[in-house]
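Visitor: 3D model of this:
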Amino acid sequence: MFLLVALPAYQSVGQECAVENVVAEDASIGCVSKSESADTPDQIFLDSILYSDNGITFQPVYYGEVFTNAHGGISTSNSTHYEGLLDLSLSFDLEKLNAPIPGQINVLFQNTHGRGLEQNVGATQIISSIDSLNNITQMSELWWEVDLYETGITMRVGRQDLSSEFITMDTASDFINSAFGLSPSAGLPSFPAPSPAVVLMTDLSSDFTVKAGIWDAYRSNEAGIFSDNGSALLIGEFEYRYSTPLRQLPGILTAGITYETPGEVPSGAIPRAYGYYFQYEQMLIREAGCDTDNPQGLSAFAQHFPTYSSGNSPFPLIPRDALTGITYTGLIRNRDADVTGAGAGWVDLDQGGTDQEVMIEVFYKAIVNENLIIQPDLQYITTPSGIYPDAFVAGIRFQLNL
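Guide: Next comes the predicted model:
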């Protein structure tokens, strides 16, 4: 519990939205060969402390983007904005550090600055996965992970983002719209407002994984370890990994359930709620001669996540949503690590108007080198939040691996 005590002092603000698909973008960098360069003395010193095999890993990543609302939405006036996110991740391997306890400790500091487009577009499916709505400077995650003796079960305790292990699809992780991770209107404890949790994970075999967790559902008390609303979120997930019989193309089927206990906040009562979700990821085409660890080719994904509530919630709630899309890695010759994608998201709403919103996104993610990624992006949103004119958004994101 010493991990949880330290968490609230670093939290600057709280929001009830969730975003999930930022962190997974780093995975494709390994496809690019590492360039040779001369190290400065300071760099050599830092490498010896943080990057060698001594148990401490430091990973700073900066995301910056410029987006404009070119048409529709709430307003196109003064609708070009810059927004940035700085991630500072520290990982401690306690065994390599000869610590008295086993496992590993992970810490994530985050800072957002600038402004997103939500006041101009008004979409329920937030335009950007790094948009925290209100700027934050906080320790977003602090958790301890340990294998429980010989049981094959891994336990993770502490403040953590639900989307790091649940309701996430690697195939959809390169999209910029936050709906391709965790919808911010789902009201789940994810970026920018993760909360304390206990998670158990185990591999039943090389193909099957089971996960379960319990979270402090809504972070509404910034001065304490836990919120004081009395609501808890329980989630369970089952994942099956397979290969097609003919061409041995990898795929993943995921199913999960969520249950939220009742609670109380100043703005009203939190009703009992539950939901379930299904996710599907499948490689459709694999280019001949590519590395099996970093395959090039065409992949598809889909997700459906309906939720049900016993009453009106003071927090956002999407009764039903669905996602689908395709991505292609290495579409252009000699650009084997680049990713291009097209996808769509649909949400069912109860705010009047059309009572639904459809989002379409296309992007191209260019791996310039091991330190720089550039990603142009276009999004079209029909009737944002069901009540605003169709919007067209254009922008570009860059990622610096510092």
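Visitor: rest of the way, CA atoms for contacts and neighbours
Guide: Fine.
Visitor: quickly list what the nearest residue to residue 76 once chain neighbours are set aside is bridged to.
Guide: Closest residue in space to residue 76, ignoring its immediate chain neighbours: residue 69 at 5.6 Å, by Cα to Cα, 6 or more residues apart in numbering. Taking DSSP bridges, one finds residue 393 as the beta-bridge partners of residue 69.
Visitor: ok, so what distance separates residue 69 from residue 347?
Guide: Using Cα to Cα, to the nearest Å, we find residue 69 at a distance of 21 Å from residue 347.
Visitor: before we move on, the earlier item: contact partners for the residue nearest to residue 76?
Guide: The contact partners of residue 69, by Cα atoms under 8 Å, 6 or more residues apart in numbering, come to 75, 76, 79, 80, 117, 120, 121, 391, 392, 393, 394.
Visitor: flag the shaky bits of the stretch 151-300 of the chain, pLDDT-wise.
Guide: By pLDDT under 70, the low-scoring segments of the stretch 151-300 of the chain are 183-186, 219-225.
Visitor: just the strands in it please.
Guide: 153-160, 191-192, 195-203, 208-216, 232-243, 250-260, 263-265, 268-270, 273-286, 297-304 (DSSP state E, counting those that start in this stretch).
Visitor: deepest-packed of these, please.
Guide: strand 191-192 (a mean of 29; mean count of other Cα atoms under 10 Å).
Visitor: pretty sure residue 296 is touching residue 287, no?
Guide: Yes: assessed by Cα atoms under 8 Å, residue 296 is found in contact with residue 287 at 5.6 Å.
Visitor: these two: which is more packed in?
Guide: residue 296 (23 against 13; other Cα atoms under 10 Å).
Visitor: please name the nearest non-neighbouring residue to that one.
Guide: Closest to residue 296 by Cα to Cα, 6+ apart is residue 329, at 4.9 Å.
Visitor: which residues of the stretch 101-250 of the chain fall in helices?
Guide: Here the stretch 101-250 of the chain has its helices, by DSSP state H, counting those that start in this stretch, at 118-121.
Visitor: and for the residue lying closest to residue 127 once chain neighbours are set aside, the neighbour number?
Guide: Using Cα to Cα, 6+ apart and skipping the chain neighbours, the partner closest in space to residue 127 is residue 177 (4.8 Å). With neighbours defined by other Cα under 10 Å, the count for residue 177 comes to 30.
Visitor: what do you get for residue 372?
Guide: For residue 372, using other Cα under 10 Å, the count is 15.
Visitor: for residue 335, same thing?
Guide: So residue 335, with other Cα under 10 Å, has 15 neighbours.
Visitor: I'd assumed it was in a strand, is it?
Guide: No: assignment of residue 335 by DSSP: H, G, I helix; E, B strand; the rest coil gives coil, placing it outside any strand.
Visitor: check it and give its pLDDT.
Guide: Confidence at residue 335, expressed as pLDDT, is 94.
Visitor: what of residue 324?
Guide: pLDDT, residue 324: 98.
Visitor: returning to that earlier point: quick one: which of the contacts of residue 69 is most hemmed in?
Guide: Neighbour max across those (other Cα under 10 Å) = residue 121, 30 neighbours.
Visitor: not counting sequence-adjacent ones, nearest residue to that residue?
Guide: Spatially, and ignoring its direct neighbours in sequence, residue 121 is nearest to residue 73 (4.2 Å; Cα to Cα, 6+ apart).
Visitor: and residue 181, backbone torsions?
Guide: phi -110, psi -110 (degrees, to the nearest 10).
Visitor: residues near residue 399, how many?
Guide: There are 21 residues near residue 399, going by other Cα under 10 Å.
Visitor: cool, thanks, signing off.
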